[in-house]
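Peer 1: okay, here's the prediction I keep looking at, along with the sequence it came from:
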Amino acid sequence: MIVNIEDLRHRARRRLPKAVFDYVEGASEDGFTAAANRRGFDRYLFRARSLVDVSVVDRTTTVLGEKLATPLILGPTGLAGLLAPRGEELAAKAAASRGALFTLSTMSIGTIEEVASASTAPLWFQLYVWRDRGVTRSLVERAKAAGYRALCLTVDVPAMGNRENDRRNGFTIPPRITFTNLLDVFRHLGWVLRMSSSPRATFGNFVDLPELKRTDAVSVAQFTNAQFDPSVTWKDVEWLRTVWPGPLVLKGISCAEDARRAVELGVEALIVSNHGGRQLDFLPGAVDVLPEVVDAVEGRSEIILDGGIRRGSDVVKAIAMGARACMIGRPFLYGLAANGQAGVELALDILSKEIDRTLALLGRPRLADLDRSALRVDAPALLDAPASPLRLVEGARRLPAGNTHG
Ligand SMILES: Cc1cc2nc3c(=O)[nH]c(=O)nc-3n(C[C@H](O)[C@H](O)[C@H](O)COP(=O)(O)O)c2cc1C
Ligand SMILES: CC(C)CC(=O)C(=O)O
């Protein structure tokens with residue numbers, strides 16, 4: 001029986017070949033940051049108010065003017081189409097049916113156009129900047145023509161993180177059957193059969209790229225390190241402004257200085273994120289960095305928290321700290337692998353119901369009622385924690401009251 005996101009994770013693990021599950025689950029190097037994303041939420045405890053009328057709970061919000069029925073954004077996840085045929089389209093349809101927002105990765109299997117025509121959800125397009133600016137510009141133009149509402153530039157991949165499981169497993173695009181994984185693939189014939197109806201098993205937006213045509217199978221790191229431009233700077237953010245007319249979002253902000261710089265350039269939304277712990281290891285948990293960024297931005301851009309959300313209570317904590325909404329990656333991918341569109345809808349329903357219940361129990365029936373006074377960070381266990389990443393965040397313990405959600 002599936003009652004929470006962890007149950008969905010178990011189901012996904014059973015249904016996917018090891019190399020594909022490990023790719024989804026994988027973190028970089030020692031996995032410190034991926035674990036810190038979860039641990040970070042344990043440091044915030046609630047201050048509940050009693051005898052409040054919570055007969056009506058309202059979890060609606062707006063993100064960049066878009067009204068959402070739930071404060072959840074499906075994050076960009078490359079190769080989601082390996083978890084279910086037309087996986088990105090299914091996830092975008094699930095977002096539409098639950099009033100959430102969907103972000104398509106540059107590195108998706110479904111194309112920009114296929115996903116846009118499959119779903120009525122508000123869509124963002126996530127951009128990786130390619131060495132070939134002609135390719136980059138054409139991605140941006142395609143996203144514009146297909147009606148994507150915002151461009152989300154990911155800024156934490158100047159090089160691919162060191163994901164050792166992918167190397168051990170020999171994970172490639174398209175996936176290959178080798179002597180080492182033969183038995184495992186055989187055990188997952190259901191996946192093999194399901195995937196046989198997939199239109200492709202490679203990066204859909206680049207099927208015409210000579211580099212993809214030439215190569216039979218390539219590791220994600222090999223391909224992306226060859227294509228992504230490591231020289232991207234703030235100048236490119238300014239350049240994107242000239243080619244993209246809509247709102248600009250930066251994903252992967254993890255300190256106050258970068259947040260301020262983004263605000264100066266008029267970036268409309270910032271995603272506090274460490275890429276789910278898949279990039280630089282030994283960054284603090286995303287929620288540990290959130291207060292620093294919220295305080296630096298002072299309401300001039302919208303802030304989204306991304307990384308480690310597994311419970312509705314995590315979302316409530318992040319919003320109380322000053323985020324407008326939360327982005328999720330693995331939780332909806334588990335759902336997608338477990339049961340396609342219905343699985344993604346289940347992941348969204350589980351989190352949304354947990355948000356509702358938490359708001360009721362907390363005595364804050366509306367998301368807009370949340371502020372830092374709903375949280376405690378001075379619980380005794382926290383003070384005793386020897387190497388708390390919270391201590392690295394100056395001011396994180398000072399929790400001024402005041403509604404930062406608004
Ligand atoms: C399988 C997988 C693929 C991802 N691909 C991308 C991507 O193409 N672009 C991007 O900006 N982030 C990518 N991410 C990071 C997610 O957008 C998000 O930051 C991260 O998953 C959040 O952490 P969570 O999984 O704990 O929710 C990916 C994450 C996963 C798990
Ligand atoms: C295909 C990858 C480049 C997607 C990604 O960003 C990730 O795996 O974290």
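Peer 2: Looks like it arrived, so ask away. Ligands and ions are numbered 1, 2, ... in the order given.
Peer 1: use CA for all of it now, contacts and neighbours both
Peer 2: Noted.
Peer 1: the strands in this protein, which residues?
Peer 2: Using DSSP state E, the strands of the chain run over 45-46, 61-63, 66-68, 72-74, 101-104, 123-127, 150-154, 248-253, 269-272, 302-306, 325-328, 375-376.
Peer 1: contacting residues around the fifth one?
Peer 2: Counting by CA atoms under 8 Å, 6 or more residues apart in numbering, the neighbours of strand 101-104 from elsewhere in the structure are 68, 72-77, 88, 91-92, 95, 112, 115, 121-126.
Peer 1: that one and ligand 1 in contact?
Peer 2: No. Judged by CA under 6 Å from any ligand atom, strand 101-104 stays clear of ligand 1, getting no closer than 8.0 Å.
Peer 1: partner strands of that strand, parallel or antiparallel?
Peer 2: Take DSSP bridges as the rule and strand 101-104 pairs in its sheet with strand 72-74 (parallel), strand 123-127 (parallel).
Peer 1: could you dump those strands to a markdown table with mean neighbour count?
Peer 2: As requested, these are exported to a markdown table (neighbours: other CA atoms under 10 Å):
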| stretch | mean neighbour count |
| --- | --- |
| strand 72-74 | 27 |
| strand 123-127 | 26 |
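Peer 1: need the ones you listed in CSV with distance to Leu346 and mean pLDDT, can you?
Peer 2: Shown next, in CSV, are those (distance: least, CA to CA, whole Å; pLDDT from 0 to 100):
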stretch, distance to Leu346, mean pLDDT
strand 72-74, 13, 98
strand 123-127, 20, 98
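Peer 1: if we can go back for a sec, can I get the strands of the chain in TSV with distance to ligand 2?
Peer 2: Below are those laid out as TSV (distance: least, CA to the nearest ligand atom, whole Å):
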stretch	distance to ligand 2
strand 45-46	30
strand 61-63	23
strand 66-68	25
strand 72-74	14
strand 101-104	11
strand 123-127	10
strand 150-154	9
strand 248-253	11
strand 269-272	15
strand 302-306	13
strand 325-328	13
strand 375-376	31
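Peer 1: want to throw those into TSV with distance to Ala262?
Peer 2: Converted to TSV, the strands of the chain look like this (distance: least, CA to CA, whole Å):
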stretch	distance to Ala262
strand 45-46	31
strand 61-63	17
strand 66-68	21
strand 72-74	21
strand 101-104	20
strand 123-127	16
strand 150-154	12
strand 248-253	8
strand 269-272	8
strand 302-306	11
strand 325-328	19
strand 375-376	28
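Peer 1: ok, residues contacting stretch 174-192?
Peer 2: Contact with stretch 174-192 is made by 15-18, 169, 201-202, 216-218, as judged by CA under 8 Å, 6+ apart.
Peer 1: wait, which of the strands paired with strand 101-104 is closest to Asp22?
Peer 2: Of all these, it is strand 72-74 that lies closest to Asp22, at 19.9 Å by CA to CA.
Peer 1: run through who's touching the closest one.
Peer 2: 95, 100-103, 325-329, 332, 348.
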